[in-house]
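[1] below: sequence and its predicted model.
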Amino acid sequence: MAWFKREIKGIITTTEEKKETPDGIWNKCPECKKPLHYSEQVENQYVCHYCGYHMRIGSKEYFSILFDNNEFTELDANLISGDPLHFEDTKKYTERLVETMKKTGLKDAIRSAHGTMGGQPLVIACMDFNFIGGSMGSVVGEKIARCIDYSIEHRVPFLMISKSGGARMMEAAFSLMQMAKTSAKLALLAQAKIPYISLLTDPTTGGVTASYAMLGDINIAEPGSLIGFAGPRVIKETIKKDLPKGFQTAEFVQEHGFLDFIVDRREMKERLSSFLKMMVS
């Protein structure tokens with residue numbers, strides 16, 4: 001019976017001083033499901049050291065990875081979207097913009113800055129998926145256009161980091177016109193013989209893929225990125241054929257000639273610096 005009785009008196013169990021693990025300190029890899037400590041993620045540039053899965057990150061992280069010493073000057077930081085169509089669905093567009101700004105700390109789905117990478121001057125525009133799915137609205141197009149103007153004026157190469165669900169439906173035709181606007185500006189950049197590198201990350205879809213994301217002098221992507229224009233269901237209904245497995249992955253896209261390179265994020269800065277040295281010299 002001793003097995004079923006506590007013979008030592010005075011043992012008290014309490015949870016009053018129990019400390020919970022703060023949110024965000026440990027995360028699970030979406031691919032291999034193994035636990036990852038936050039410090040390990042930062043040190044490994046948000047790539048799982050077990051399976052190599054590239055986690056989604058935003059402009060803050062990309063700027064810290066690519067700009068020397070994380071030093072840069074942001075361009076057009078306070079540019080925000082209007083509501084030219086007075087779009088209303090379940091919630092007014094202006095209300096959604098304000099809420100998203102408060103939630104993310106961003107003004108829109110893109111940030112741009114100039115600085116140096118590997119000692120070489122560079123302009124970077126980077127999209128943020130957390131801001132309404134990285135959707136391309138008038139501010140995204142305008143900031144890219146201004147980046148290109150800056151690159152031409154100062155003879156500085158331009159790097160575009162795309163991460164988007166496509167055009168922003170709340171701006172309708174205003175959003176779609178950004179495809180033509182940015183493509184025309186990139187033509188001017190090409191005429192000025194200034195290098196343009198396009199980096200496609202997970203996901204890059206819709207009008208973004210159909211415009212500036214695929215117009216680089218060099219088009220590169222991170223491993224496993226989803227890259228495409230329309231969704232699989234729409235494509236299947238259009239061509240009336242079954243689609244091959246993984247047909248919208250970076251690896252499949254490269255195999256069929258739409259990408260030049262796939263580059264591991266941990267090697268990105270070194271590879272990009274190498275590309276720029278070859279292109280500028």
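    The structure has been received and is ready for your questions. Nothing here was measured: the structure is a model prediction, and the numbers come from that model.
[2] tally of neighbours for K28?
    Applying other CB atoms under 10 Å, we find 11 residues neighbouring K28. Using the backbone N, CA and C atoms, a C-beta is placed for each residue, glycine as well.
[3] so who does the closest residue in space to it that isn't next to it in sequence touch?
    Nearest non-adjacent residue to K28, counting by CB to CB, 6 or more residues apart in numbering: P35, 5.9 Å away. Counting by CB atoms under 8 Å, 6 or more residues apart in numbering, P35 touches 26-29.
[4] secondary structure and pLDDT added to the residues you listed, as a markdown table?
    Below are the contacts of P35 laid out as a markdown table (DSSP: H, G, I helix; E, B strand; the rest coil; pLDDT from 0 to 100):
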| residue | secondary structure | pLDDT |
| --- | --- | --- |
| W26 | strand | 86 |
| N27 | strand | 87 |
| K28 | strand | 90 |
| C29 | coil | 94 |
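[5] ok, and the most crowded of those?
    Neighbour counts for these (other CB under 10 Å) peak at C29, which has 18 neighbours.
[6] distance-wise, check the residue nearest to it when sequence neighbours are not counted relative to F67.
    Among residues not flanking C29 along the chain, C48 sits closest, at 4.3 Å (CB to CB, 6+ apart). Going from C48 to F67 by CB to CB, to the nearest Å gives 24 Å.
[7] same question, L243
    In this view, L243 and F67 are 39 Å apart by CB to CB.
[8] reduced to three states, what does T116 come out as?
    Three-state call for T116 (DSSP: H, G, I helix; E, B strand; the rest coil): strand.
[9] which residues does it bridge with?
    Note on T116: beta-bridge partners P121, judged by DSSP bridges.
[10] how deep is it tucked in, by neighbour count?
    Neighbours of T116 under the rule other CB under 10 Å: 16.
[11] surely it and V123 touch.
    No. The pair T116 and V123 fails to qualify as a contact (CB atoms under 8 Å) at a distance of 10.8 Å.
[12] cool, thanks, signing off.
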